[in-house]
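Enquirer: sequence first, predicted model second:
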There are 2 protein chains.
Amino acid sequence: MSRILRAAAAQLGPIQRADSRPATLKRLIDLLEHAASKGAQLVVFPELALTTFFPRWLLEPSELDGYYEPAMPNPNVAPLFDRARELGVGFYLGYAEKTPEGLHYNSAITVGPDGKILSKYRKVHLPGSVEPRPGAKVHQLEKRYFLYGDLGFEAFYGPDAWGAPVTGMLICNDRRWPEGWRSYGLQGTELMLIGYNSAAYDPNGGTSEDQALRTFHSMLATQGNAYMNSTWAISTAKAGVEDGFGLIGSSCIVDPNGVVVAQAQTLEDEVIVADCDLDACKQGKEKMFNFANHRRPQHYHRLVDQVGAQLPPKR
Amino acid sequence: MSRILRAAAAQLGPIQRADSRPATLKRLIDLLEHAASKGAQLVVFPELALTTFFPRWLLEPSELDGYYEPAMPNPNVAPLFDRARELGVGFYLGYAEKTPEGLHYNSAITVGPDGKILSKYRKVHLPGSVEPRPGAKVHQLEKRYFLYGDLGFEAFYGPDAWGAPVTGMLICNDRRWPEGWRSYGLQGTELMLIGYNSAAYDPNGGTSEDQALRTFHSMLATQGNAYMNSTWAISTAKAGVEDGFGLIGSSCIVDPNGVVVAQAQTLEDEVIVADCDLDACKQGKEKMFNFANHRRPQHYHRLVDQVGAQLPPKR
C-alpha cells in the first residue's frame, strides 16, 4: 500500500497586535481551504498562530490574559475546527495554552480529519528570558509567559487516511535542539510537524545575526535534523513585520534526506504543498541511521548527566 | 587577545591498494608543506590517511595486518612527525591502530606544533557490518576490522599558540551523529577535527544515493552540527576513485554559524585554509545555545535508555 501523504505548510504573514481575533481566524480558514483545494490532507499552521507574537512585549496582566486559550477547542476557534472537519482535513495548530489550573504553556495540537485532537505538545525549549533586557525596544519573554513543557517528546500515530505515520511535534526553538528530534527519532518518527515565529534579527540583543543568517540557521537545523532522523519535516513560519519587528519566513517541507521539496517565497499568507512518501524514511532508518545497529549510548552520558557545558580539565 | 587560528584541511586524492607507503607519506608531507606555506598552524588529514580504505575489501589476515599501525609514531610515519615539528605545524591524522594487545581501532590523533600527541580518539560510530553482503562487489567491513571506540568523546585544550581552543575529534560516520557532537559541545568545544572516507554510492547496497546526494548529506551533517554546537569544524576527505570505487570530496571548513568558509573543489590532493576566529563561538554559546539556560535533560532519557527505535503504542 502506498503511503503518500499530501501535506501543506500554511504560512501566516504578520498578525498585528491590533488585529481582531475573528479576522485572524478567517485568514487561517482561508489558508485551510486553499490547502484543501490543492488536495492537502494535513495543514501545518505556525506557532502561536492565533495572535501576534506577544512575548516580544512586556505586558500588563490585563492584556496578557487575552492571548491564552482557556480550552481547545473553544468558541473562538470552533469555526476552524468545523471547516476542517467538513473538508476532512487535519491540522497542526500552535497556541498559547491556559490550563484550568491557570498554568501557561506554549502548545501545539494535531487534529485529525474527524476534528478530534490526536495529540498535544508543550514547548520544551523555551528561548529568551524571564526578565526584560534593560533598555531594549523588543524582548523575548517566553520564559516569563510560559512554563517549560511537561509532556516530553511523545510520538503518536497519525490516522490511517494519512498512512498512519509515526508523528512528532516541535515548536519553534525546539527545531534547533537535536535532543528533541532524536527523542522522536528513537520512536521511529516519519513526520515532524513544526510551527515557528523566529525574529529576523537577534532576539537576544546581538548585532551579528541578520534576516539572511537567521533564515539560513532555521533551514539548516530543520534539514540537518530531518536527515539525521530520517523523517519528513513540515515547518511553518509566521512571517513578516509584526508591530514593527521582522519575522523570517521560508516555511518548508523537507524530505528524509534533508532536501527541501517545497519552500515559501513570500513573507505573507502562503500555502505550500508536497506529496510526502512516508516509505522514503526507510532507507535512512534501515541503513545509515539504523539506531539499533549503530548507536553507542554508553558514550552519551553527558547528554543527560549535565545541563550546561563543563570545560575539560586544564592542562 | 585575538584567538585566530589559521587551519587547513589537507584533502587526499585516492590512495590505491598498490601504492607504496613511502609514496603516500610523501604526499602527506607535500600537503603539510603546502599548508605551512600558506601560514597554517594546524593541518587536518583524512580518516585512515596512510592507506587505501581497506574495509571495502574482504581481506586475508596476511594482507590485513599490514594496514594497521603498531604504534604512533612509528618509523613509517616518523618523517611526517619530523617535518611537522620542523615547521611548527600541528596535525590531525587518521590511521588504523593496532594495540600492543592486538586490538584494532579506527583512530585519530592530534599532534601539537612540538610533535607531541595531544590526544587520541577512537571512532565510536562504526558503520557497515561484520559479515560481507553476499554477492556484493564492494563491502563496508569496519565492524569486522575494528572494535568500537572505547575512549568516549573527551575534549582537550589545543596549545596556547592556537589560542588554546577546546578541541574535539570525530571520524567519518561520527559526523552524522548528533550525540557525539553534543557530547563535545557540552565540554565547550570550539574546534572539531574530522577526517572521512565516504563512498560516492550507498555502501550498504542501496541504489537511491548518488555522489551528489552523499556529498549533500556530508555537508549538511557537518554544517548543522557545527551550528547547533557553536563550533568551528574542519572536515577532510579522502576523495576520488580508489581501486575502482568512488569517494566523495568536498572537504570543508565550517564556522560556528554552520556557514562554509572554505571548500575543496577537486577530488585530488588539495589544501584549503581559513582563519578561524575562535571567539566567534561565543555568540552561539552564550545566547541561542546557552546550554545551562535552555537544555531540559529530564526529557532526553530515551537518548541513553535505549539503543534502537521503539515505536509508540498502537492506537
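Expert: That came in fine, so what should we check first? Bear in mind the structure is a predicted one, so any value in this text is a computation, not a measurement.

Enquirer: what packs against the one helix or strand A:Ile253 maps to?
Expert: With secondary structure defined by DSSP states H and E, A:Ile253 is part of strand A:252-254. Here strand A:252-254 touches strand A:4-11, helix A:211-228, strand A:232-237, strand A:260-263, strand A:270-277, going by 3 or more CB pairs under 8 Å, 6 or more residues apart in numbering or on different chains; DSSP states H and E. Bear in mind the C-beta positions are built from the backbone N, C-alpha and C, glycine included.

Enquirer: if we go to 6 Å?
Expert: helix A:211-228, strand A:232-237, strand A:260-263 (3 or more CB pairs under 6 Å, 6 or more residues apart in numbering or on different chains; DSSP states H and E).

Enquirer: quick one: contacts of the second one?
Expert: So the one you mean is strand A:232-237. If you take CB atoms under 6 Å, 6 or more residues apart in numbering or on different chains as the criterion, strand A:232-237 is touched by A:7, A:9, A:11, A:44, A:46, A:191-196, A:222, A:226, A:249, A:251-254, A:276.

Enquirer: am I right that A:Lys120 sits in a helix?
Expert: No - membership of A:Lys120 in a helix is not supported by DSSP: H, G, I helix; E, B strand; the rest coil, which gives strand.

Enquirer: residues contacting it?
Expert: Contact analysis of A:Lys120 by CB under 6 Å, 6+ apart lists A:Ile109.

Enquirer: if I look at it, what pLDDT would I see?
Expert: Confidence at A:Lys120, expressed as pLDDT, is 98.

Enquirer: repeat that for A:Pro132.
Expert: pLDDT, A:Pro132: 95.

Enquirer: so it is in which element?
Expert: Taking DSSP H and E as the definition, one finds A:Pro132 inside no helix or strand.

Enquirer: if I look at it, how far off is A:Tyr105?
Expert: 21 Å (CB to CB, to the nearest Å).

Enquirer: please say which of the two ends up with more neighbours.
Expert: More neighbours surround A:Tyr105 than the other of A:Pro132 and A:Tyr105, with 24 against 15 (other CB atoms under 10 Å in any protein chain shown).

Enquirer: ok, the closest residue to A:Gly258 other than its chain neighbours - contacts?
Expert: Nearest in space to A:Gly258, with sequence neighbours left out and distances taken as CB to CB, 6 or more residues apart in numbering or on different chains, is A:Tyr227 at 3.2 Å. Contact criterion CB under 6 Å, 6+ apart gives A:Asn257, A:Gly258, B:Leu220 as the residues in contact with A:Tyr227.

Enquirer: from what I can see the last one touches A:Gly258, true?
Expert: The reference is to B:Leu220. Yes - in this structure, B:Leu220 is within contact of A:Gly258 by CB atoms under 6 Å, at 5.0 Å.

Enquirer: intersection of neighbour lists for those two?
Expert: Common neighbours of B:Leu220 and A:Gly258 (CB under 6 Å, 6+ apart) are A:Gln223, A:Tyr227.

Enquirer: the two: who's more crowded?
Expert: When B:Leu220 and A:Gly258 are compared on other CB under 10 Å, the one with more neighbours turns out to be A:Gly258, at 27 against 22.

Enquirer: which stretches of chain A form strands?
Expert: Counting by DSSP state E, residue ranges of the strands within chain A are A:4-11, A:42-44, A:90-98, A:104-111, A:117-122, A:156-157, A:166-171, A:191-196, A:232-237, A:240-242, A:245-247, A:252-254, A:260-263, A:270-277.

Enquirer: need the ones you listed in TSV (columns: distance to B:Ser62).
Expert: TSV is the format used below for the strands of chain A (distance: least, CB to CB, whole Å):
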stretch	distance to B:Ser62
strand A:4-11	52
strand A:42-44	59
strand A:90-98	60
strand A:104-111	59
strand A:117-122	57
strand A:156-157	53
strand A:166-171	48
strand A:191-196	50
strand A:232-237	48
strand A:240-242	68
strand A:245-247	64
strand A:252-254	48
strand A:260-263	49
strand A:270-277	47
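
Enquirer: get me the contact residues on the stretch 101-250 of chain A for chain B.
Expert: In this structure, the stretch 101-250 of chain A approaches chain B at residues A:124-125, A:152, A:155-157, A:178-179, A:182-183, A:186-188, A:204, A:206, A:208, A:220, A:223-224, A:227-228, judged by CB under 6 Å from any CB of the partner chain.
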